[in-house]
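Q: Let's see this in three dimensions:
(chains A and B)
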Protein chains: 2
Amino acid sequence: MNLDFLFYPKSVAVIGASNKEGKIGNAIMKNLVNYGFKGKIYPINVKEEQVLGLKAYKSILDVPENVDVAVIAVPSKFVPDIIDQCGQKGVKGAVVISAGFKEAGKADLEEELVKRARKWGIRVVGPNCLGITNIEVTFDVTFNPPERQARPEFGGIAFMSQSGAFGAAILDWAARHEVGMSKFISLGNMADLDESDFMEYLKDDPKTKVITAYLEGVKDGRKFLKAANAATRKKPVIVLKSGRTEAGAKAAASHTGSLAGSYAIYEAAFEQTGVLNAKSMRQLFNYAKVLAMQKPANGDRVAIVTNGGGAGVMMSDGIIEKGMKMAELSEETKQKFAKAIEEGVLPHHMSYRNPIDIIGDAPSTRYELAMRYALEDENVDVLVVIALFQSPALDEGIVEKLAKMQEYGKPIVFVAPGGRYPEEMARRIEKVGIPVFETVEDGVEAVYALVKYGKYLKEL
Amino acid sequence: MNLDFLFYPKSVAVIGASNKEGKIGNAIMKNLVNYGFKGKIYPINVKEEQVLGLKAYKSILDVPENVDVAVIAVPSKFVPDIIDQCGQKGVKGAVVISAGFKEAGKADLEEELVKRARKWGIRVVGPNCLGITNIEVTFDVTFNPPERQARPEFGGIAFMSQSGAFGAAILDWAARHEVGMSKFISLGNMADLDESDFMEYLKDDPKTKVITAYLEGVKDGRKFLKAANAATRKKPVIVLKSGRTEAGAKAAASHTGSLAGSYAIYEAAFEQTGVLNAKSMRQLFNYAKVLAMQKPANGDRVAIVTNGGGAGVMMSDGIIEKGMKMAELSEETKQKFAKAIEEGVLPHHMSYRNPIDIIGDAPSTRYELAMRYALEDENVDVLVVIALFQSPALDEGIVEKLAKMQEYGKPIVFVAPGGRYPEEMARRIEKVGIPVFETVEDGVEAVYALVKYGKYLKEL
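A: Residues are numbered from 1 along each chain as shown, chains lettered A, B, ... in the order given. All right, here's what the predicted structure looks like:
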């Protein structure tokens, strides 16, 4: 399914565009204009001559040129007729922001909307949604202002959300943590296009490396299984499914009308189709970030290099508790370490059992040697590097040394707990391609995602 | 046990003080001087006339006035004799930074150190430690520089750590997240003072509201049980115990020499003594932050007020998955909501089942009403307020409205996911006494800590 017409339009009409502060049609116009959409923008408003300085039209039918996408933010009762006008105009996609459909007890009106859209071959996002954003081309028809909801930089993670508000929070969070995103879709009521359609599209989207979703329930189980099965063969799919408990399911029913069904069925479906099942927002992001930056692991044997013993102990616990293995270093590797210690290249009081504890006064050269020995070991599938940057001995040479380690072709996860300085270093390390995590537990989740998805691919 | 002499000294001698960049004795001196210690500082160095512009002495015995605390950063073999000198001088506490004792296979030297200290009645922190910090009076004898390890602001959380490096990361992290701390202790080898001694001291420390610790193993099981039992009756104690798995325990043995023992025994001991058992750094902080700011809950029935349906669903899942209950709102409360909706004070399409979903366009006045109704309900023990600040409808009046809610005397947890704007608002909300968490899952953990510790206190 190709939905490029929705995400890369040449021209957009905003039906319900407004000059009035506080109106959704005003907020959408501002985002379209200010975020930097390069195509043509046609505000549609029955009363205004101009909206935000752009010539306004009374109807979409008055627009002199082609319109690819219509964004609709007018009271729900007018939407079906607007869809007819869009059809006459040759619009290909409609993003219906308006609420007041199925979620408000008006299933009839929603059916009518779909009927009209089908007649004209228009594909619909929503209704009752926050809109969509294609960060790559700064095309944004969502309505939260940038001072409240920052836009992330362009990157490999696509996100779709059955909750518009949570979707907005995720974008804001990604921007804050400098996690790059490709496309955002607020799914709304999914009257026409649903999570499976978007998954199918994103699977073939060259700009999306990882597909993520917040879902309360899927619209069509069979369709989802088919779409997920096809998608996970090409790229990782991560779903945060809420409504896992009875109380949660009740809340979901009153929120999106999702009949959540038994969570056990979802778990089995995710497992079967290779979908990574995230249980929290941070887990979703840990999984997504690592899989966008590193290739899946070839096995579950993890080596740890650390300048802090305690963090090494915690990481060992986490690896085992998540069902993975601490790599047993080969005799050859042990001999390499022993020799380097004997020669005074590595310090006597370090430990080269796994975790490899290169101790608190380790400079980046010591990291380099330990990382090489670990990566050269055929018993090691994933390398975790922990750096407590609070120690002044650790110099910034670590950045280029990590960059070089990628030649071994094994996945690397970097953990740097602390405050501002580790955060600055994290951004620099991520620029050379290694994902950095703020806590040991985040690092454990990242490794888990690499191992779990790697195992799925191997078993295919 | 009163250890005020260690944390509130009038005078400190730094044995091994140095002018040489990169030396630990130089780093400690800089922190003492630059962080703003108000007492007298006596650098001790056999060769120098001055250190950092302060008059230096060849021996602590040459210092003309009393010395309360000696910080020792000289090669380990000299330490026992230095302790004797400290004893002659009348020093009460020694912080031994020097490594090269039991952890380096020199158990004899460590025993000798303790023997000498006992003779003179000197209490010893360490050896092989990062030092101690009393943030309240800006007394800091740790050695990481501030540009690498920021110091948190003064607040109610004390932290002791068997890992110096991890302790440093925690301080840096707390500073970054504006979590206030009282005292920090790097436990080192615990040759004399151990985790139980510090727990006993911190229990009676009026500046410490919550005691937290990173431990790989306790030194004396019975002593720990006794100290923990006494401490938890007065204030919350939170322990992050690592070495939970066999691999972790092995790593711990090579790190601190802790014989971790069976984790099940620790779990049982924590449960019995009311110690909150944290499994990750973030969990430790979530527990600590909420308990430093809110009183424990009277029961496990949780009400949620949210402007985002999805976040409400996720929070409901989390509450149930952690073994707590979603409060069943009373008939009276439901009638209050129904009436307010009928009168147009609250919107028709909101939900007042729990979670109370006041929907995306909620201003702070709507929050106020919903929070009041929830807090007035006798079926509610804890209130969770979720705000997705990405919605421009939510005004900053939320801060003072939250402040007022404290009159009900029930604990409140605030969750605000997203980026910079929610972060700014979080700091303002925390100033009025309500703890704010970045994700739903953090909020769940916070509520759990309030409920768990409240239950323990009730059952005493």
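
Q: So which elements touch the top strand by length along chain A?
A: Longest strand of chain A, by residue count under DSSP state E: strand A:154-161. Packing partners of strand A:154-161 (3 or more CB pairs under 8 Å, 6 or more residues apart in numbering or on different chains; DSSP states H and E): helix A:164-176, strand A:181-186, helix A:195-203, strand A:210-215, helix A:281-293. (Glycine included, C-beta is placed from N, CA and C.)

Q: okay, it in CSV with CA atoms only?
A: Listed next in CSV are the C-alpha coordinates belonging to strand A:154-161 (Å, rounded to 0.1, in the frame of the first residue of the first chain):
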residue,chain,number,x,y,z
PHE,A,154,14.4,13.7,11.2
GLY,A,155,15.4,10.1,11.8
GLY,A,156,14.4,6.5,11.4
ILE,A,157,11.5,5.9,13.8
ALA,A,158,7.9,6.1,12.6
PHE,A,159,5.2,6.3,15.3
MET,A,160,1.5,5.8,15.1
SER,A,161,-0.9,6.3,18.0
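
Q: Would you indicate which residues of it are buried?
A: A:Gly155, A:Gly156, A:Ile157, A:Ala158, A:Phe159, A:Met160, A:Ser161 (16 or more other CB atoms under 10 Å in any protein chain shown).

Q: In contact with the fourth one, which residues?
A: Read that as A:Ala158. Applying CB atoms under 8 Å, 6 or more residues apart in numbering or on different chains to A:Ala158 gives the contacts A:Met181, A:Ser182, A:Lys183, A:Phe184, A:Ile185, A:Leu202, A:Asp205, A:Thr208, A:Val210, A:Ile211, A:Thr212.

Q: and if you look at the fifth one?
A: Contact analysis of A:Phe159 by CB under 8 Å, 6+ apart lists A:Gly167, A:Ile170, A:Leu171, A:Ala174, A:Met181, A:Lys183, A:Phe184, A:Ile185, A:Thr212, A:Ala213, A:Tyr214.

Q: filter those residues by proximity to chain B?
A: With CB under 8 Å from any CB of the partner chain as the criterion, the subset of the contacts of A:Phe159 in contact with chain B comprises A:Ile170, A:Leu171, A:Tyr214.

Q: Now pLDDT and neighbour count too, for those, in JSON lines please.
A: As requested, the ones next to chain B among the contacts of A:Phe159 are exported to JSON lines (pLDDT from 0 to 100; neighbours: other CB atoms under 10 Å in any protein chain shown):
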{"residue": "A:Ile170", "pLDDT": "95", "neighbour count": "29"}
{"residue": "A:Leu171", "pLDDT": "97", "neighbour count": "28"}
{"residue": "A:Tyr214", "pLDDT": "97", "neighbour count": "26"}
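
Q: the helices in the stretch 351-460 of chain A, which residues?
A: If DSSP state H, counting those that start in this stretch is used as the criterion, the helices of the stretch 351-460 of chain A fall at A:364-376, A:398-405, A:420-431, A:440-459.

Q: Dump the third one to CSV, restricted to CA.
A: Extracted as CSV, the C-alpha positions of helix A:420-431 are listed here (Å, rounded to 0.1, in the frame of the first residue of the first chain):
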residue,chain,number,x,y,z
ARG,A,420,24.8,17.0,31.9
TYR,A,421,28.3,15.9,30.9
PRO,A,422,27.3,12.3,30.1
GLU,A,423,24.3,13.7,28.2
GLU,A,424,26.6,15.9,26.0
MET,A,425,28.9,13.0,25.4
ALA,A,426,25.9,10.8,24.6
ARG,A,427,24.9,13.1,21.8
ARG,A,428,28.4,13.0,20.4
ILE,A,429,28.7,9.3,20.6
GLU,A,430,25.3,8.9,18.9
LYS,A,431,26.5,11.0,16.0
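
Q: could you give the angle of it to helix A:398-405?
A: If you take axes from the mean of the first three to the mean of the last three CA atoms, to 10 degrees, helix A:420-431 sits at 30 degrees to helix A:398-405.

Q: other SSEs contacting helix A:420-431?
A: Contacts defined by 3+ CB pairs under 8 Å, 6+ apart place helix A:420-431 against helix A:398-405, strand A:436-437, helix B:164-176.

Q: most tightly surrounded among those?
A: Of all the helices and strands packed on helix A:420-431, helix B:164-176 has the most neighbours on average by mean count of other CB atoms under 10 Å in any protein chain shown, namely a mean of 27.

Q: which secondary structure elements does it contact?
A: Contacts of helix B:164-176 with other secondary structure elements, assessed using 3+ CB pairs under 8 Å, 6+ apart, are made with helix A:309-321, helix A:420-431, strand B:154-161, strand B:181-186, strand B:210-215, helix B:281-293.

Q: what does the average pLDDT come to for the second one?
A: The average of the pLDDT scores along helix A:420-431 is 97.

Q: Give me the buried stretch members for it, please.
A: Under the neighbour-count criterion of 16+ other CB under 10 Å, helix A:420-431 has A:Tyr421, A:Pro422, A:Glu423, A:Met425, A:Ala426, A:Ile429, A:Glu430 buried.

Q: right, and A:Pro347 touches A:Ile359 too?
A: Yes - with contact taken as CB atoms under 8 Å, A:Pro347 and A:Ile359 are classed as touching, separated by 6.3 Å.

Q: Comparing these two, which residue is more hemmed in?
A: For the pair A:Pro347 and A:Ile359, the greater number of neighbours falls to A:Ile359 (20 against 13), based on other CB atoms under 10 Å in any protein chain shown.

Q: what's the closest non-adjacent residue to that one?
A: If you skip the residues right next to it in sequence, A:Ile359 has A:Met350 as its closest partner in space, 5.3 Å away by CB to CB, 6 or more residues apart in numbering or on different chains.

Q: Please apply the same query to A:Ile170.
A: With CB to CB, 6+ apart as the measure, A:Phe159 is the residue that lies nearest to A:Ile170, at 5.8 Å, once sequence neighbours are left out.

Q: quick one: that neighbour and A:Leu284, what's the gap?
A: Plainly put, A:Phe159 is 9 Å away from A:Leu284 if you go by CB to CB, to the nearest Å.

Q: list the residues that contact both of the two?
A: Common neighbours of A:Phe159 and A:Leu284 (criterion: CB under 8 Å, 6+ apart): A:Thr212, A:Tyr214.

Q: Could you pick out the residues of the stretch 51-200 of chain A near chain B for me?
A: Residues of the stretch 51-200 of chain A found near chain B, taking CB under 8 Å from any CB as the criterion, are A:103-104, A:144-145, A:147-150, A:161-166, A:168-173, A:175-177.

Q: what packs against the worst-scoring helix or strand of chain A on mean pLDDT?
A: Across the helices and strands of chain A, the lowest-confidence element by mean pLDDT, DSSP states H and E is helix A:246-256, at a mean of 86. Secondary-structure packing of helix A:246-256 (3+ CB pairs under 8 Å, 6+ apart): helix B:309-321, strand B:356-357.

Q: switch the cut-off to 7 Å
A: The helices and strands touching helix A:246-256, judged by 3 or more CB pairs under 7 Å, 6 or more residues apart in numbering or on different chains; DSSP states H and E, are helix B:309-321.

Q: what's the burial count for the residue of the stretch 101-250 of chain A found nearest chain B?
A: Of the stretch 101-250 of chain A, the residue with the smallest distance to chain B, taken as CB to the nearest CB, is A:Ser163 at 2.6 Å. The burial metric for A:Ser163, expressed as a neighbour count using other CB under 10 Å, is 30.

Q: burial count for the nearest residue to it once chain neighbours are set aside?
A: Of all residues not flanking A:Ser163 in the chain, B:Gly310 sits nearest, at 2.6 Å (CB to CB, 6+ apart). Residues contacting B:Gly310 under the criterion other CB under 10 Å number 30.

Q: And A:Pro64, by the same measure?
A: By the other CB under 10 Å criterion, the neighbourhood of A:Pro64 contains 7 residues.
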